[in-house]
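K.L.:
When you get a sec, could you give me coordinates for this:
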Amino acid sequence: MVKVQEFDEKQNAVAIPQELLKGKRHLRKDEIEILEKNLNHNDDPTWENFYVQDGEGNFDPTLIHLSFFSGFIILGKLRKVNLTYNDLTLTCGIRRSRLSDVVTGDDNVIRNVYYLDNYRFGNRVILFNINELCCTKHSKFGNGILKEGEPEDNRIWIGVANENDGRSVLPFESMIPADAYIWSHYRDDPELLERFVALTEKGNDGKLNTYGYIDDDSVIKNCSIIKDAKIGKCAYIKGAFKLKNVSILSSPEEPSQIGEGVEMVNGIFGYGSRAFYQAIAVRFVIGRNCQVKYGARVLNSVLGDNSTISCCEVLNNLVFPFHEQHHNSSFLIATTIMGQSNIASGATIGSNHNSRSPDGEIFAKRGFWPGLCSDFKHNSRFASFVLVSKGSYQNELDIPYPFALVSPGLNGNQAIRIVPAFWFMYDMFAITRNNNKFKKRDKRAIKVQNIETDPFAPDTMQEIMSALDRIIGLTSKYLLNTKNDAMEGATDQAKIYQKAKDYLHQNPEADFVLEDPVCQKKFGATIHKPVQAYKMYRKIVKYFATRSLMEYCKSAGAEYLTLELIKKIRELPLYTEWECVGGQIIPSQKIQELFVQIKEGTIDDWESVHNFYNDCQKEYEQYKVRYALYLLEKLYSRPIEDFTFDLYRNISDDVTVCAYDIYNAAFGSREKDYTDYYRNMVYRNQKEMDAVIGPLQDNSFLVGLREDTAQFTAEIKELFKGLCENK
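P.N.:
Down below sits the predicted model:
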């Protein structure tokens, strides 16, 4: 209900912060006369509430027309100069506007701002055609903090990963996906959760003295409602419908833009990001260099850097960097998606719960790619770089095989089909191009969130090692069930395991199908091409391990590995369990160390948490090379010093073949686009095809890959030279 109060000039008197009056002065009598002649009105008839920049030529009263003032007004330099942004040119000054408790910077344009209250501006700010621009004294600008006297119910939470808010996190201006991950996925420690809240409140004095702020060189035009907003430098906002309780982070190096019809409420919009065309975001943190457009709805979600959301619905999600989702018919609900992902049109991830309560979740590691019109039942979990074929998956899934293809069963068979290591066998171009592609798309000027874009990294190697062990275990069951002669004499689990492993090594052409009951609830899965997958997984682990060892040699200034270098590597800490934390690969043990320091108070703000991440990143190459040595020794079940000359040569040969397999497979995958009849039938001739998709020989990625492969294979032949000399 609208309240009616008697007008009282004294009630509009506001205490002016004295630091704002430095270098300011009251108006002269002649300046007041000019202002009143130009049809300006002040609730204070003495104009004592009005301050301008001191100094000759710093205030031109003729630049203020048809405007209303109340509270206190403190102006920076106001001179007759034009500000131009794109095709908009306006003369500095205040025209047809109503201002209350406003502090401007130098040379601002305020034109047709019909209600402007409790704001401060930087220099060269343009405000043009705005219905309402105001800020309450208790605003938090999208941060999950409280002001004095406010009840806990007023706190803004973001219900990521779960629709029942069981994994809710508090947004804050510097939040990155790593923060949201450790907060939302370690819920079994109440003390730690309390400390996360304390970290978020650090620096908040709770005082009810908040004011809105728009920083230097920002342009806001043709907007309806902007309330409780803090807007950074060089932001461009045009035609926004509603911005409320938000921080728009922007800088000259990473300017942010918000366009027509956009609504944003309760959240943080990241540096260099863009939102256009009726996009909606409510309770959100959107990272750096993101795009949200074409009617997209981002609700109760944290979106990682370098991501694109358009047309679709994203509700209650934690999404890591490099996520692509831009189809009107797709939606994502109650998930943790670990980035480098692509959600196809018609993918309905979140439509089917397994109880009356919407508490199910989808958990997908890096590189998740569900196909057209695929849908899943909560709960489901996917290993890294899993490609899911078009289909309706009616039962919960648990896919532990990285780089796999998952598809529905054939001919009425309700068991799903899985081809482990599918990417390596059939589409190496896509998987090897990923690292290069993502690095090119990373337009962040300041990279707070560390991101591992290489598909061959400790997290994926850890998954491959688990998948190898699983294939051996399932193969042993298959051989026992079929009474295969290879199992003769196997009397205990250790011998059974070893004989199954030997069978996979000694029968590279064997063709059989395994059954994995865990991969799908009720009906299980059939595992196809297990021998080929086993061989390919091992090749990739050897490739990763030797490449990591080679990189370490280079950083140490050595031409090849020696016993002395191996000794130094052994002295490095060994971590065998890894987590993708917001896109950064960190040993699980280091995360536990972080939690201890947070609970002890050694780390008492989020900046210190970010410094911890950065310290881990600085040590990442050392952690990785120690893990690489561990993997190589685990594959051959002996220390590297005990490898024979033939074994060193076998590794070098395998890795060389793997490197060329990677190149040839990548080249072959791309070559199909030029040689396949159905690919090139839409072109009249070769010349037209080259004009449309570019000549194959000019593909910059393949050219670079060929050169890198040649150099890598030349160096790999020398890697074990120093160790071989001791044999």
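K.L.:
what mean pLDDT does the helix or strand where Ile237 lies have?
P.N.:
Under the criterion of DSSP states H and E, Ile237 resides in strand 236-238. Mean per-residue pLDDT for strand 236-238: 98.
K.L.:
mind listing what it pairs with, with the direction of each?
P.N.:
strand 219-231 (parallel), strand 257-258 (parallel) (DSSP bridges).
K.L.:
mean confidence for the shortest one?
P.N.:
What it means is strand 257-258. 98.
K.L.:
what does that strand contact?
P.N.:
235-238, 240, 243, 248, 264, 269, 273-276 (Cβ atoms under 8 Å, 6 or more residues apart in numbering). For glycine as for every other residue, the C-beta is placed from the backbone atoms N, C-alpha and C.
K.L.:
Considering those, which is situated nearest to Leu193?
P.N.:
Phe269 (26.1 Å; Cβ to Cβ).
K.L.:
For the stretch 551-700 of the chain, just list every one of the strands.
P.N.:
Remark: strands assigned in the stretch 551-700 of the chain by DSSP state E, counting those that start in this stretch are 578-581, 584-587.
K.L.:
For the buried ones among the contacts of strand 257-258, write the corresponding ChimeraX selection.
P.N.:
Applying 16 or more other Cβ atoms under 10 Å to the contacts of strand 257-258, the buried members can be selected in ChimeraX as follows:
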select :235,236,237,238,240,243,248,264,269,273,274,275,276
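K.L.:
Give the bridge partners for Lys377, please.
P.N.:
Asn352.
K.L.:
if I look at it, how far off is Ser392?
P.N.:
9 Å (Cβ to Cβ, to the nearest Å).
K.L.:
for His185, same thing?
P.N.:
28 Å.
K.L.:
who's more crowded, the two?
P.N.:
His185 (16 against 13; other Cβ atoms under 10 Å).
K.L.:
surely the more buried one meets Gly166?
P.N.:
No. In this structure, His185 is not within contact of Gly166 by Cβ atoms under 8 Å, at 10.9 Å.
K.L.:
Overlap in contacts, these two.
P.N.:
Contacts common to His185 and Gly166, judged by Cβ under 8 Å, 6+ apart, are absent.
K.L.:
In three-state terms, label Ser476 for me.
P.N.:
helix (DSSP: H, G, I helix; E, B strand; the rest coil).
K.L.:
Give me the spatial nearest neighbour of it, chain neighbours excluded.
P.N.:
Ala500 (3.6 Å; Cβ to Cβ, 6 or more residues apart in numbering).
K.L.:
Contacts only, for that neighbour.
P.N.:
Ile472, Gly473, Thr475, Ser476, Leu479, Ala486, Met487.
K.L.:
can I get those in CSV with neighbour count, secondary structure and pLDDT?
P.N.:
Shown next, in CSV, are the contacts of Ala500 (neighbours: other Cβ atoms under 10 Å; DSSP: H, G, I helix; E, B strand; the rest coil; pLDDT from 0 to 100):
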residue, neighbour count, secondary structure, pLDDT
Ile472, 20, helix, 96
Gly473, 17, helix, 95
Thr475, 25, helix, 96
Ser476, 24, helix, 94
Leu479, 20, helix, 92
Ala486, 19, helix, 83
Met487, 18, helix, 86
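K.L.:
which one of the residues you listed is nearest Arg679?
P.N.:
Among these, and counting by Cβ to Cβ, the member closest to Arg679 is Thr475, at 37.3 Å.
K.L.:
So the closest one is in contact with Leu514, correct?
P.N.:
Yes. If you go by Cβ under 8 Å, Thr475 and Leu514 touch, sitting 6.6 Å apart.
K.L.:
list the residues that contact both of these two?
P.N.:
By Cβ under 8 Å, 6+ apart, the residues touching both Thr475 and Leu514 are Pro530.
K.L.:
What strand or helix carries the closest residue to Lys634 other than its chain neighbours?
P.N.:
Leaving aside its chain neighbours, Lys634 sits nearest to Met465 (7.2 Å; criterion: Cβ to Cβ, 6+ apart). Take DSSP H and E as the rule and Met465 turns out to sit in helix 458-481.
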